[in-house]
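Trainee: I'll drop the sequence and a predicted model, then ask my questions.
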Amino acid sequence: MNAPGLNLPGLNLHGIWAIYRFEMARSLRTLWQSLIGPVLTTSLYFIVFGGAIGSRMQSVDGVSYGSFIVPGLIMLSLLTQSVGNASIGIYFPKFTGTIFELLSAPISAMELVVGYVGAAATKSVVIGSIILATSAFFVPVVVEHPLAMIAFLLLTSVAFSLFGFILGIWANSFEQLNFVPLLLITPLTFLGGSFYSIDMLPQPWRTVSLFNPVVYLVSGFRWSFFGHGDVDIGLSLGVTLGFLVACLAVIAWIFKSGWRLKS
C-alpha cells in the first residue's frame, strides 16, 4: 500500500469509489431480500411485541409501547447489518485470495477502509430508514430531534461497520465470522433496552445493564425520538464516539502491523 496505518494523505477518490461501487453492486444483487427482510421482521416485531405486550403495557415513560420500541428496532437492525455487511465485505477477499491484489493496489489503508466501511454504513442507513418508514404504518412516529437522530444513525452505522471490518480481518472461517454477531451483538442489543427501559429493572440488574455499551447507543437514539432516555444524552454520545475512535485505533494498528492481513 502507498501509506501505512491510517494517515491522512490526499485521498484517491477513484480507488475509494471503485471499492464502494463494487460493494454496493454486490448488495444490489440481493436487493429483494435486503428490502423484504427488514420489512417482514419489523412487521413481526410489531405484531408480537406491539400486539401482545403493548396491549398489556400501555405506555413507557409517557410514550405508547408501540412507538417506544421503534428506536430499539432500528438500532437492532443497524448494529447487526453494519457488522455483517462490513465483515463479509473484507473477509471475502481473504477467503478468495484477492486480498493480495488489494494490498498491492495503489491505494492507502485509509482509502481501503473508507471504501468498505462507507459501503457497509450506507447499506445500514438505508435499512434503518426502511424500518423507520415501515414503523410509521403501525404506530405514530415523531422525531423530536431529527438532527440528533441522523447523527446517531450515522455514527452508529460507521462505528459498527468499523467493528465489522475488524471482525472480517480477524475471522479465519465463516463460523468465526458469524460467532460475534450471533453470540455477542444480538444478545447485547436485546439486553440493552431495545424493547424496554432499564429503569424498569430491579437492582442490581439495572446497574449491571450500565456495563452494556449498547444501552448508551439505544438510549441516545431513543432520546432523539422522545427527548428522554435511560442515560444522559452526553454520555450516550461520548460512548458512541469513544467506540468509534477505539475501532479506528485498532484498524490503524492492524494495517501498521499487518496482523491477519496475509494469513
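Mentor: Sure, I can see it.
Trainee: pLDDT at Phe152, what is it?
Mentor: Listed pLDDT for Phe152 reads 94.
Trainee: can you report how many residues lie near it?
Mentor: Counted with other CB atoms under 10 Å, residues neighbouring Phe152 total 27. The C-beta positions use only the backbone N, C-alpha and C, and glycine is treated the same way.
Trainee: which residue packs closest to it, ignoring adjacent ones?
Mentor: Phe221 (4.7 Å; CB to CB, 6 or more residues apart in numbering).
Trainee: contacts only, for the one you found.
Mentor: By CB atoms under 8 Å, 6 or more residues apart in numbering, the contact list for Phe221 reads Pro71, Ile74, Met75, Met149, Phe152, Leu153, Thr156.
Trainee: check the gap between it and Ser173 for me.
Mentor: As for Phe221, its distance to Ser173 is 33 Å (criterion: CB to CB, to the nearest Å).
Trainee: and the helices in the protein, which stretches?
Mentor: Along the chain, the stretches classed as helices by DSSP state H are 13-28, 31-45, 65-68, 70-96, 99-104, 109-135, 146-170, 174-180, 186-190, 205-209, 213-226, 233-257.
Trainee: could you dump the ones you listed into TSV with distance to Ser197 added?
Mentor: Formatted as TSV, these follow (distance: least, CB to CB, whole Å):
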stretch	distance to Ser197
helix 13-28	34
helix 31-45	17
helix 65-68	8
helix 70-96	10
helix 99-104	44
helix 109-135	18
helix 146-170	18
helix 174-180	27
helix 186-190	14
helix 205-209	10
helix 213-226	9
helix 233-257	14
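Trainee: show me the residue at the heart of this protein, geometrically.
Mentor: Residue closest to the mean C-alpha point of the chain, counted by CA atoms, centre = their mean, is Leu79 at 2.9 Å.
Trainee: surely that one meets Leu153?
Mentor: No: Leu79 is beyond contact range of Leu153, at 11.7 Å (criterion: CB atoms under 8 Å).
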